[in-house]
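Trainee: could you look at this predicted model? Sequence included:
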Amino acid sequence: MAGEITIYTDGAASGNPGPGGYGVVLKSGRHRRELSEGFRLTTNNRMELLAVIVGLESLKIPGSRVTIYTDSRYVADSVEKGWVFGWEARGFKKKKNPDLWKRFLQVYRKHHVKFVWIKGHASDPENELCDRLAVEAYKSGKLSEDTGYNPDNSDEDLFIQQQ
């Protein structure tokens, strides 16, 4: 029988874009695991989404029942309101972070996932811990490259590039 798992996630960036990180807390029964990583140049939304992905990718048993607590409306609403599935159907055209959304959907479909949005910085101990993990990760000096982040490929670019 697949397990029941609770995952808390948070992402942070100092500047947007700037150095950033994610923090994850996984809980199931008496088991608990904390994960974090920092990146040289990224965005807050990428870190929020990557936290969820890393949490789900850490699960060993397919078909697990997972409740993810996040303070990211970007992530929670995109899934719970079904937007990401429309984006996928349209090939993520004109959407930010398609690399991460594709990766998310692969692991999301292996489990039974429910998202719960929680207000950030509102004294939820696990959310506060995830925030500390994310910030400590990007302040650690051990920063990875967010290979999917491309500031030159922004949706906010209003002008056609000259050939």
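Mentor: It's in. Residues are numbered from 1 along each chain as shown.
Trainee: quick one: pLDDT of Lys119?
Mentor: Model confidence at Lys119, expressed as pLDDT, equals 87.
Trainee: ok, the closest residue to it other than its chain neighbours to Ala51 distance?
Mentor: Ranked by CB to CB, 6 or more residues apart in numbering and with sequence neighbours excluded, the top spatial neighbour of Lys119 is Asp71, at 6.4 Å. Using the backbone N, CA and C atoms, a C-beta is placed for each residue, glycine as well. Distance of Asp71 to Ala51, computed by CB to CB, to the nearest Å: 10 Å.
Trainee: give the residues shared as contacts by those two.
Mentor: Counting by CB atoms under 8 Å, 6 or more residues apart in numbering, the shared contacts of Asp71 and Ala51 are Asp10.
Trainee: those two - which one has more neighbours?
Mentor: Ala51 (31 against 21; other CB atoms under 10 Å).
Trainee: look up how far Asp99 lies from the more buried one.
Mentor: 15 Å.
Trainee: ditto for Gly148
Mentor: Using CB to CB, Gly148 is found at 4 Å from Asp99.
Trainee: so Gly11 is in which element?
Mentor: Secondary structure from DSSP states H and E places Gly11 in strand 4-13.
Trainee: who are the packing partners of that strand?
Mentor: strand 18-28, helix 44-57, strand 65-70, helix 125-139 (3 or more CB pairs under 8 Å, 6 or more residues apart in numbering; DSSP states H and E).
Trainee: next, format the ones you listed as a markdown table and append mean pLDDT and distance to Phe92.
Mentor: As requested, the helices and strands packed on strand 4-13 are exported to a markdown table (pLDDT from 0 to 100; distance: least, CB to CB, whole Å):
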| stretch | mean pLDDT | distance to Phe92 |
| --- | --- | --- |
| strand 18-28 | 97 | 21 |
| helix 44-57 | 97 | 13 |
| strand 65-70 | 98 | 20 |
| helix 125-139 | 96 | 25 |
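Trainee: of these, which is nearest Phe85?
Mentor: helix 44-57 (15.2 Å; CB to CB).
Trainee: residue contacts, the residue at minimal distance from the centre of the chain?
Mentor: In the chain, the centroid-proximal residue (CA atoms, centre = their mean) is Leu49; its distance is 1.8 Å. Listed by CB under 8 Å, 6+ apart, the contact set of Leu49 reads Gly11, Ser72, Tyr74, Val75, Asn97, Leu100, Trp101, Phe104.
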